[in-house]
Structures are given as C-alpha cells and as structure tokens.
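Chemist: everything below, folded, please.
(2 chains)
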Amino acid sequence: MAKSDPDRWQRLSRYLDGALDLSGSERAEFIVTVRGQDPDVASELQALLDAHDAARAERFLEDSPAPPAGLVAVAGQTLGSYTLISTIGHGGMGSVWLAERIDGRFQRKVAIKFLNMDLIGRGGGQRFKREGNLLALLTHPHIAQLMDAGVTAGGQPYLVIEYVDGEPIDRYCDSRKLGIEERLRLFLDVLAATSDAHAHLIVHRDLKPSNVLVTADGQVKLLDFGIAKLVDNREQTRAETMLTREGGWALTPEYAAPEQVTGGTISTATDVYALGVMLYVLLSGRHPGGAAFQTPMDIVKAVVETEPRHMSEIVSGQDSPDSIAEIASRRGTTPDRLQTRLKDDLDTIVRKAMKKVPAERYASVPALADDLRRYLRHEPISARPDSAGYRAAKFVRRNRAGVALASVALTAAVAGVVGTLYQARTARVERDYALRQLSRAEALNDLNRFLLTDAAPSGKPLAVNELLERAEQIVRRQTAGSSESRADLLVVIGHQYWLLDESDRARRVLEVARTLAYSTADPSIRARASCELGAVLATGDDRRRGRELVRGGLSELPGDARFTLDRVYCLMRGSDVAREDGATLSAIAQAKVAQSLLEHSPFRSEIQDLGILSDIAESYRQAGRHADAIPVFERAAVILTSLGRDETQTAGTLFNNWALSLDSVGRPLDAEIIFRRAIAIGRVDATDEAVSPMLLVNYGRTLRALGRLDEAARYVEAGYDKGRVAGYEVVVNQALLQRAAIYRERGELVHAATMLEEVEPRLQQVLSPGHVAFAALMSEQALLAQARGDTAAALDLVDRAYAIAEAAHRTGEGADYSPRVLIRRAELRNAAGRYAGAAGDARVALRQLDAVAPPELMTSLRGDAYLALGRALRDLGQHEEAQSALRAARKHLDNALGPEHPRARLARELLELRSPGS
Amino acid sequence: MNAMNHAAEPGIASLIAAADKGDGPARDTLFAGLYEELHRLARRQLAGRSVPVTLSPTTLIHEAYLDMTGREGLAFPDRSRFMGYAARVMRGLIIDYARNRTAQKRGGRIEITSIKTDIAEQPADDNELLRIGDALDELAKIDVALAEIVDLKFFCGFSVGEIAAMRGVSERTVQRSWEKARAYLHRGIRQSPVD
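Modeler: Next up is the predicted model:
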C-alpha cells in the first residue's frame, strides 16, 4: 500500500498531473527528469502511471456497484407492542432505535435493534427467532435483558432489548477516577454476568468496553449478549470482520481472541480472553497490543503471535510521561505507585486470561473471578507466572479442512453417553469406558461441529465427496488417537459415502474400519463397524454376508444399558437391510424396536428422534403405506426445522421422499410444495445444475398430475438428460415413462409411443417380468391405445397390468399400485360401455384405498375412483348412488387437485347434468 | 449501542462546519444523522415492493439533501460539503452490504456456497469492493478531496460535470483528479495481500 504521507503524495500528485498530460516518449522523458530531480518518488510515479493505464484498459471502476436493497425502519412505526421513537445509534450490524410500549403499560423504554438482513442467510429467520428465545432466558441483573426477538413482516430481524442509559466501563472508571480496587470490584460484576451466560451455554464473542455500560448509579450492564452468536452461527471468518471503520460500522479487532482471528473454535475461553484484554485496559490504560492495527495481516500477527507487554512496562516504558501521568491520575494514584501495583499478581492474572492457546487460559470465568477476589483479600492467587525463558507456543491452527458430515445417530449417541457416564462415580472399568467415549467424542468433535453448525446448506455432491476424501486421508494418516476413535471416524465416513451412493468407496472404507475395530476389544465399535459394513454389503451385491455381519454385530453387544445406543444403531442398520431386501414389515418392526429402546433410554435427543423418524417414514413409504408415512415425515420435518437443519442435504432427501409419498397417496398439490422445497435446497446459484435428476423427474410427475404439462415436460426432460449423462438407469426409465404420459396427454401420440418403445427393453433388461414397473408400463400403453381408439387393445393391456399389480400387492410389494390400475381399468371399461365391471373395479379400488388410508384423507385417487364409479352407476341407471359417488368425487378432487383441475371440473359438470328421464 | 445526547441537536450547517474543522464528535453526529436519513429514504424507495428493488444512490442522496436542509430554515449548508459527507456515508452503506454478502459466501474454510441472490448481477466483485474501501480509507488520509471524488462518482453516481459544478472547478480538473484517484486505487488493490 502506498505510504501515508500527505506531503509525499502532494509531490506525486503534481508529477502525475504533469505526466498524464504527456504520452509515449514524452512521458518517458518526463519520468527521467523526475528521476533526476526527485529520485525518491520516481519509481512510485512510474507505478502509478502503469496503474493508470491498466485501470483504463480494464475499465476499472467504470460501473457503479450494486447498491443495497433492504428494508429499514421509520419513526412512529409500530412493531409488535412497541412504537419506535428515534434512533439512538447504529452498530456494525444495523440501526438501533429507542422505543416504548404502545399501551404504556410498563414505563420501561426499550432499545430495538434491527439486524442487517444480509447477515441473516436463508432460513436464518427461523434460527434467529429460536436463538432469540434462548437468550431471553438470561435474566441477570448485570445483563441488559433481551426481551423479545422477531422478524418484521418485511423480513427484517429485530431484537427488543432493555434500554440502558450508561457509559462504557472504561470511560466511567476514568471520569470518576476510580482506583484499582474499585475497578476490580466493578469488573467482578462483569464477570458475574458473563459466567451466568456461560452457564446457559451462551458465549458473548464481542466483549469490549462499549458493550459494558455502567449507569449513573454504578450498575453494570452487559449488552449485545450472544448477539454475535445469533447473527452468525458459523465461526468468525477472518479479517473482513475485523476492519475498523469510521462511523462505527464494523467490529473492532482489539478484543478479538486469536481463535476468532484465525477461524478456530469459539468457546467460553474466547470470552475469557476478551475479559483479560478489558481488564488490562482498565488497569493500565493501554491496550496490550501496542501499536494501532493497520492491515489485516497486522491484526492477525499481533493477536496471534505477539506477546503482550507487561502492564508495568506501560508505565515505565517509552510512552510520553504526560500520558502516563494522566493514566495514573485517572486511577487516583501516581505513576510510581501504579507501576508497583501492576506488577506481580495482577500482571499474572491478566496474562493468564490472555494466553494465546485457549486451554492455557483460566478454565472458566468463575476461576478468573476467584483469583481476583483472592487478590483483593491479599491472599495468594492460583495462577502461576510464566517462568523465565518461557515462550508461548505459536498458536497452531488445526487443519479442519477435511471435516466431513457425521452420521446423525452416532454423534448424538456419543454426546449423550459422555454426559452421563463421566459424572458417575463408578468402578474403574466404567471410568475407562467413559474416558474412551470422551476421547471418542473429542475425536469426533470436528465432525460434530460441522454437523451441528452445518454452515453450508447442501452443496454440490462433488464438493462433499472431496471433503470425505480428505477426511479419510486425515484419519488414515493420524498416528495419534486410539484405534477405537480412528475406527469410529472411518465408520462415520463410510456411512456418509453410502448415503451419497458411493458404495465402492463406502465398502472400502468400512472394511478397513472393521478390521481396525476388531483389533480392539471394544464391543461398541466392533458392533457399529460390523453393522455399518453389513448394511452396505446387503444393499449391494453381497447380501448374505451383509446380513450375517449385521447379526454378528448385534451379537457383540452385551445386554446392559450402556450399550443401548449401539444397539439402536445396529437395529437401524438392520432395518435398512430389511428394507433393501423388500422385507418391509421387518424393517418397520426393527425401527420401532429401536425407537422404543430409545424412548426409555436417558440418552434420547431430538437428533436421534430425527434419524429414527426418517428411517421409519422411509420404511413405510417403501412398503407402499404412504398414508402412514406422511405424518411421520411431517414430524421429522418439524424437528429438522427446529434444529435449523431444514436446508441441508439430509433435509432435501427427506423432502423428496415425503413429497413422493404425498404424490403416491394422491395429494399432488401438497407434494408440489414439498418438492419445491427439496429443489430449492439442491439449487446452487439459481440453476438446477446440482439438483438430483431423480428429484427433477419426481417433480415433473407431480406437475403432470396437476395438469401443468409444459412445466412437467421441462422438468422431466431435464431429469432425463442429467440421468443419461450420469448413467442413472432408474432415472432414465422413470423419465421415459413420464414423457410418454405427457406426450399422450398433449395429444402427441407418436412421440408417446416412441418413449414407450424405448423404455420397454430397458426395463426388461434389468427387472423380472413380475415387477410392478411393468404394470406401470402396460397401464400407460393401455392409455395410449385408448387414445388411438383401440379400446380392445387397451382393455387387454390393462388386464395384464392388473394381473401384475395384484400379484405384487399380495406379496406386500407395491401395495399402492393396485388401486391405481383398477381405477384405470374402471375408466377404460366405462369408455367401452362395460359399466358393471367398471363399477366393480371402482369399488374394489376404494376398498383397497380405505385399507391403507384414514377415511377423512382427501386424495385424487379416491376422487378418481368415485368419479369412475359415479359415471358407471349413472349409466347403469342408479342415479341416487351415482350422485352420491359424484359428490364424493368432487369433494376429493377439489381438495387434492384444486377446483380448477379438469377432473374436478368434470365431476362438477356431471353433478349438474340432468340424468335422462329424471 | 451508543447513548447519544438528544438535548441539543445542532443544525446540519453547523455540524458540517465543525466537522470540516476536524471536530470528531461533530463528524460522528453528522454521519449518524446522514446514515439515519439515507436509511429512511431507502425505505421509502422500497416501500410496498415485494420484490427487492435496486436502489438509486443518486436519487437517495439528492432526496437526503432536500430533506435534511429543508428542515434547517435560515442557515443554508454548503451543498458541496453536504454531498461530500453524504457520499462518504453512502460508500459505507454499499461496502457494508458487500461485506455482508462476502461474509455469507465465505462461511468457514469449506467453500460450498449456496447463495440465492435476488439481485441478478453485481457489476463490481464484492471482494474487490471491500479492498476498494480499504484503499479509499488510505487515500483519504493523504488526500481527502480525491477520496471524496471517488465517493461521489463511483458510489453515488454523480457525473464529472455535476462534481465540477459542486466544487466550482473545471470538468477537466475533476476528470484529472478522478484519474489520479483511480490509479492510486488500482495500484493499492492489486498490491494488497490476498485474503
């Protein structure tokens, strides 16, 4: 950067004026002249001229930047039960308003702080509200109470905070010339407040004098508590949050802890650091960092590497004597006496709070407070001073680049176990076990953190793969850490690969994990490794070995409650295996056993509920019991949202499956909404690039059910193309079927036929002839034949389709397809004049639907069945029953498809028709 | 949160005069007032729109001038000075916005991003915008007038002619100043370490 010297710049500026008037050789000569006269600036002049040319060539700064778009507040505006009065400042995050209650009920004035909308990412509104509610629980006399949090109609988040009329603590102390003791006592209030928050697991992250106000009557109030945590759930990124600005917009770096600057873990130790700096300033009147911060690199260096000066050095050091005298007088003492006070114990305390490595600081705020109180009582303090020659170890940033997504059930399980067992005073075996679990928890901390913060919503699959690879490498290269914890990590990584459909990788990693696990004597890791590998194998080629492994894993576990979570884990894997095998009843049963085990265990948590709910829902869905699956999906979705995880890849998959169930049960309107959510998650930058092709086709199917054919075509074709490129056969086949249906409904029968001709051999290649997919194919072929006027062929095809569907229904597979085919056949029979048969089919269909869905559920399937029944009955002369059926049809179709849908309208029209002769 | 004194609200004119003389608190008060005003006007521009609308900084600044000085009565502030300060505030708003957008994108070491930007294109890269802001602060330390030109021209969209009229100098002078400032910024940005 250029030197900050106005005079030098003035010289440069004049030369620039001269040079810019010239060009080419004249300019070069000019520069030579300058070099002779004023060599100091000549090279800089050249640099600037080059920059000028480059800037012009690049059209640098030609276009103005995009200006902000956001909603802001106005005086007199009402917000909830408050009226805004006027602004009382603006922080780095947005504006702050003074406000009072509308009904004047409580005299208390409040401060309403609007947070800049851009700081809250997508889905942040929910998270924000939830954390706001958490913070409102902090009711300490020394904390400015957060009274409410919300989001305006316009989407702007705001906080309602107790209004504090006070001075920053450093100014308060200086203006009243408080001595060391008095400052320490005031500071103890600050510590009391901070430790109260820590007890609530809230870290302030931005402690500094301007956030610690003291009112006129000496009452300390902490502000902006946990707001940094509210706004930015992720760890602070580096310097861009640290740059100081005029007008006070940004956060200040002077109180930032090393881990905040380098992007490490934020914890209560971070607050301890900031408190240490604050104490340093309060006592010595100077900042420990010394010189003013300049560029981001300066900040990083100073905070992370440079050891602070001893406080006593401030007083004796090179600072001008005047300012030292001033500092002393503001503390009610003289420079010499101050220097003496600031040595030894106080210095030791402050330095310990400000250690670069978090683990070396005071372990907690109360610990710091205790030492200060000992000092005040003239007792020996607990902190040890640095020995001569001690050098703080350079702050090492642990490489977290390889963090992978962790299995939900596993990490939660570990956290739960650690919490309880570690506190138990039990036999050594128990304690050793707990210690192992603890170190396992430590080892999983990185993974935990990524899961629990989940900074990034679902990204492109490739990026996640890279992460897993790196995680894998890191785990393998680790020589420290026990075999148990390494095996654990590998199991988790393997599971993730499996979820991402990378079965080969998953298998490879899990084989290693299992070998490693069996080299230990730990039953829990052995069980998990076996079950995980077993699950992957069972869903691949080696089903038998897979099943054996899962059984073997379960058998590793001793009976006692300590292993409940492991058992749950294995049962869930067993459920996966059963599902893959098509033994859906067994799958559901195992999942339910797991669920009840968990319900009665003290280790239950929302995260585990989520995992289990998702699995149960999926089991129902694959069993064709969509009406059962849907409420379970809903519950899972609620938990996802409350955890703030509803924009993750997991959520995307859940939404896709949920929507599929909704579509299958015959509620396409609902399905459409949920599909859109799933797609929104998969989207990266406004394109569908990263959205799974299967999801695109699924969505297309629903759009078609809603009659939105053009949109449906777009999505299905997009899914088709992507599926072809990726070689996903299942997707391609599904897409072909859907395209056929779309073409047929648009009247493009030739195209429809082409699609069907293409898909038939593909299905035949991979599926057995009795597979439900053929029922779907023939059903579609039947409709096509009908569209062409060939009723006989249509009827024949639909008969064959029904035969397949019925057979599948009896084996418990594809139970949802049979009613669909029956309804098709009823419609075709109506068209062929075979009303009795049609009515019969419709009735059977309705009975089958009633068997799997509650009677009050409105579905398009029921609607279509009633419609077919109504038409058949009318033509059979049974008018009253016909009317009743048609009324039912209209009710269902209106609700499930919307009243504007052609079939809903058809039902209405048929109802209004006068039947002949009545 | 600053507890600001509401008792005596000095007029804009005197605030500007004091700030020009280097009065720090007066300048803070002035900036705060301008910030509030611009926000209020921004809201008006956006009121009733469900779709995010692109604000026009130029319009905002002019409205702010009319609005704030209209309240003054007799003592008319120097329009040119007003614009200079207001432009500085506008720069801050825009850069803040860019900084927040950047902070969102750079969540941690893993660069998976998934930002849904309703505003289609950003002409100037957000990161670059932050660096421009830094460089401008440096420039302001050694040549306030030049920094102000960048605020007025680049961030607020004033034309060379308008700036010339405001300052009572020739267009050529303004153009030349703009080129010098641009050269300084370009060099500063290309030189600074990559974050």
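
Chemist: please count neighbours and contacts with C-alpha atoms only from this point.
Modeler: OK.

Chemist: how many neighbours does residue A:566 have?
Modeler: 25 (other CA atoms under 10 Å in any protein chain shown).

Chemist: helices and strands of chain A: which one bottoms out on pLDDT?
Modeler: helix A:408-421 (a mean of 28; mean pLDDT, DSSP states H and E).

Chemist: which strand or helix spans residue B:162?
Modeler: If you go by DSSP states H and E, residue B:162 is part of helix B:160-167.

Chemist: which other helices and strands contact that helix?
Modeler: Under the contact criterion of 3 or more CA pairs under 8 Å, 6 or more residues apart in numbering or on different chains; DSSP states H and E, helix B:160-167 touches helix B:79-105, helix B:171-191.

Chemist: worst average pLDDT in the ones you listed?
Modeler: Looking at the helices and strands packed on helix B:160-167, the lowest mean pLDDT belongs to helix B:79-105 (a mean of 70).

Chemist: buried residues of the helix holding residue B:162, list them for me.
Modeler: B:160, B:163-164 (16 or more other CA atoms under 10 Å in any protein chain shown).

Chemist: that one vs helix B:171-191, what angle?
Modeler: If you take axes from the mean of the first three to the mean of the last three CA atoms, to 10 degrees, helix B:160-167 sits at 110 degrees to helix B:171-191.

Chemist: contacts for helix B:160-167?
Modeler: B:79-80, B:149, B:152-153, B:170-171, B:173-175 (CA atoms under 8 Å, 6 or more residues apart in numbering or on different chains).

Chemist: repeat that with 10 Å
Modeler: Helix B:160-167 is contacted from outside by B:78-81, B:83-84, B:149, B:152-153, B:158-159, B:168-175, B:178, using CA atoms under 10 Å, 6 or more residues apart in numbering or on different chains.

Chemist: please save the CA atoms from that helix in CSV.
Modeler: Extracted in CSV, the C-alpha atoms of helix B:160-167 (Å, rounded to 0.1, in the frame of the first residue of the first chain):
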residue,chain,number,x,y,z
VAL,B,160,-18.0,14.7,-13.7
GLY,B,161,-20.0,17.7,-14.7
GLU,B,162,-22.0,17.7,-11.5
ILE,B,163,-19.0,17.3,-9.4
ALA,B,164,-17.3,20.1,-11.2
ALA,B,165,-20.3,22.4,-10.6
MET,B,166,-20.3,21.4,-6.9
ARG,B,167,-16.7,22.2,-6.4
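
Chemist: average model confidence for it?
Modeler: 83.

Chemist: repeat that for stretch A:497-506.
Modeler: Rounded mean pLDDT across stretch A:497-506 is 74.

Chemist: that one and chain B in contact?
Modeler: No - Stretch A:497-506 stays clear of chain B (CA under 10 Å from any CA of the partner chain), getting no nearer than 16.4 Å.

Chemist: gap between that stretch and the chain center?
Modeler: Going by CA atoms, centre = their mean, to the nearest Å, the spacing between the C-alpha centre of stretch A:497-506 and its chain's C-alpha centre is 22 Å.

Chemist: and the end-to-end length of that stretch?
Modeler: 5 Å (CA to CA, to the nearest Å).

Chemist: in that stretch, what counts as buried?
Modeler: Applying a neighbour-count criterion of 16+ other CA under 10 Å, one finds A:497-498, A:503, A:505-506 buried in stretch A:497-506.

Chemist: closest to residue A:490 out of those residues?
Modeler: Nearest to residue A:490, judged by CA to CA, of the buried residues of stretch A:497-506 is residue A:506 at 9.5 Å.

Chemist: for the closest one, give its distance to residue A:547.
Modeler: 17 Å.

Chemist: in terms of helices and strands, where is residue A:545?
Modeler: Counting by DSSP H and E, residue A:545 is found in helix A:543-556.
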